[in-house]
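Model the following, please.
(one chain, ligands or ions: 2)
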Amino acid sequence: MRIVHFSDIHIGRWPSGTSFLFDKRVLGLTNYFLRRRLGFQSALLAPAVSTIRALNPDWMVCTGDITTVGSPEEFQAVRDALAPLMADGLGQRLILVPGNHDVYVRNRACRAALEDCFAGCNASRWTLAELPQRVQASHLSLWVVDECCCTNWLLSSGRVSAVTAGQLEDWLEAPRVAGEKRILIGHFPLRDPAGVPLGWRRRLVGADRLAAALRDGRLDVSLCGHEHRPFVRREPSGSMEVCAGALLVWGKINVLDYCEASGRLTQTWVDVPWGAFPAPALPLPAPS
Ligand SMILES: [Fe+2]
Ligand SMILES: [Fe+2]
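Ligands and ions are numbered 1, 2, ... in the order given. Down below sits the predicted model:
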């Protein structure tokens, strides 16, 4: 059983109309077009999608921030780019959760585009309001969570809602089926690579109980994005958190293989072929 995980595509498009001039999108777009875009190799997206397909995944997981300001134009561009992952029946294997950039503003058209993209990329299994959901894939139990809400201009944080926290607590308390591996799929890391909560502007509010579950082994894996530098953080219990980082900056794809014979999960990175593009200048932090 193989899970292929990627994150934080951050496609950017100039929105139509002028409504973006009067909300947070003007800040996000200014930042993107003047600064952030320079670090993103958008031409890497097509080879990344080909690489994901070639890895023959049983499940494909995207942990959000597919857009820059969550505009309809950006969601459409992402859906076009990810179309090969939904062709030939593959779409039944794709799981997408939103990131904070996908829930950027309280704008009706943006929200409708998010809902539409979420449904389309998740094979119409659920609406956003129906998360959290649990997908049983052989021994793997995939817990799909929406951690994002619209924030003010200063924040890029998320939260575990009371409803989500209650559901996750029930799943954590339930007896584990023999060989079961519990995998959380959300946008935000529970902790940074050093095991410390993220800064207050960028953290997941309400993450402590999940971080404790990962630490004591009641949760086996946390798959996430948000932090743009990829990392793997291992707990003494054997559990791990894997942040796939920004796909178009680092070109890293996280591959998680579950061996039914040994009951073990193995994590590896696969590099998108950089071809003519400049490879990232900084090395990845060593796994802890
Ligand atoms: Fe991001
Ligand atoms: Fe994010």
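
Point me to the residue of the chain nearest ligand 2.
residue 226 (3.7 Å; CB to the ion). Placement of C-beta: from N, CA and C, glycine included.

For that residue, the count of nearby residues, please.
Look at residue 226: counted by other CB atoms under 10 Å, it has 29 neighbours.

Please shift the residue numbers so they start at 191 in all later answers.
Done: numbering now begins at 191, and the last item shifts to residue 416.

Could you measure from it over to ligand 1?
Using CB to the ion, to the nearest Å, residue 416 is found at 5 Å from ligand 1.

need the contact list for that residue.
197-198, 253-255, 289-290, 348, 377-379, 392, 433 (CB atoms under 8 Å, 6 or more residues apart in numbering).

and residue 433, what pLDDT?
For residue 433, the pLDDT comes out at 98.

With neighbour count added, can I get the contacts of residue 416 in CSV?
Converted to CSV, the contacts of residue 416 look like this (neighbours: other CB atoms under 10 Å):
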residue, neighbour count
197, 30
198, 27
253, 29
254, 27
255, 26
289, 29
290, 23
348, 27
377, 27
378, 30
379, 26
392, 17
433, 28
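
Pull out the buried positions in stretch 371-387.
371-383, 387 (16 or more other CB atoms under 10 Å).

closest to ligand 1 among those residues?
The shortest approach to ligand 1 among those belongs to residue 377, at 8.2 Å (CB to the ion).

Find the nearest non-adjacent residue to that closest one, please.
Once flanking residues are discounted, residue 377 sits nearest to residue 254: 3.9 Å by CB to CB, 6 or more residues apart in numbering.

and the one you found, helix, strand or coil?
Look at residue 254: counting by DSSP: H, G, I helix; E, B strand; the rest coil, its state is coil.

can you pull the contacts of it?
Here residue 254 is in contact with 197-198, 286-292, 338, 377, 415-416 (criterion: CB under 8 Å, 6+ apart).

pretty sure residue 272 contacts residue 239?
Yes: when contacts are counted by CB atoms under 8 Å, residue 272 is listed as touching residue 239 (6.5 Å).

on that earlier part again, now the phi/psi pair for the residue of the chain closest to ligand 2, please.
Here is the backbone geometry of residue 416 (degrees, to the nearest 10): phi 80, psi -60.

lowest confidence element among the helices and strands of the protein?
helix 215-224 (a mean of 84; mean pLDDT, DSSP states H and E).

Could you list every helix and strand that whichever helix or strand comes after that helix packs against?
Where DSSP states H and E defines the elements, the next helix or strand beyond helix 215-224 is helix 235-244. On a contact count with 3 or more CB pairs under 8 Å, 6 or more residues apart in numbering; DSSP states H and E, helix 235-244 meets strand 192-196, helix 262-272, helix 437-440, strand 442-449.

which residues does residue 255 contact?
Residues in contact with residue 255, defined by CB under 8 Å, 6+ apart, are 197, 198, 199, 200, 289, 290, 291, 292, 377, 415, 416.

Enumerate every residue touching residue 323.
With the criterion set at CB under 8 Å, 6+ apart, residue 323 makes contact with 315, 316, 333, 334.

Around ligand 2, pick out the residues from the stretch 341-478 of the chain.
Residues of the stretch 341-478 of the chain found near ligand 2 (CB under 5 Å from the ion) are residue 416.

Quick check: the gap between the residue nearest to residue 377 and residue 206.
24 Å (CB to CB, to the nearest Å).

got it, and residue 436?
Residue 436 is 26 Å from residue 206, by CB to CB.

which one of these two has more residues nearby?
Each of residue 436 and residue 206 has its neighbours counted (other CB under 10 Å); residue 436 has more, 26 against 11.

if we can go back for a sec, would you check which pair of the buried residues of stretch 371-387 lies furthest apart?
Spatial extent of the buried residues of stretch 371-387 (CB to CB) is set by the pair 371 and 387 at 25.0 Å.

before we move on, back to that, does any part of the least confident helix or strand of the chain sit near ligand 2?
No: Helix 215-224 is not in contact with ligand 2 by CB under 5 Å from the ion; minimum separation 11.4 Å.

quick one, that helix and helix 262-272 angle?
50 degrees (axes from the mean of the first three to the mean of the last three CA atoms, to 10 degrees).

anything in helix 215-224 near ligand 1?
No: Helix 215-224 is not in contact with ligand 1 by CB under 5 Å from the ion; minimum separation 10.9 Å.
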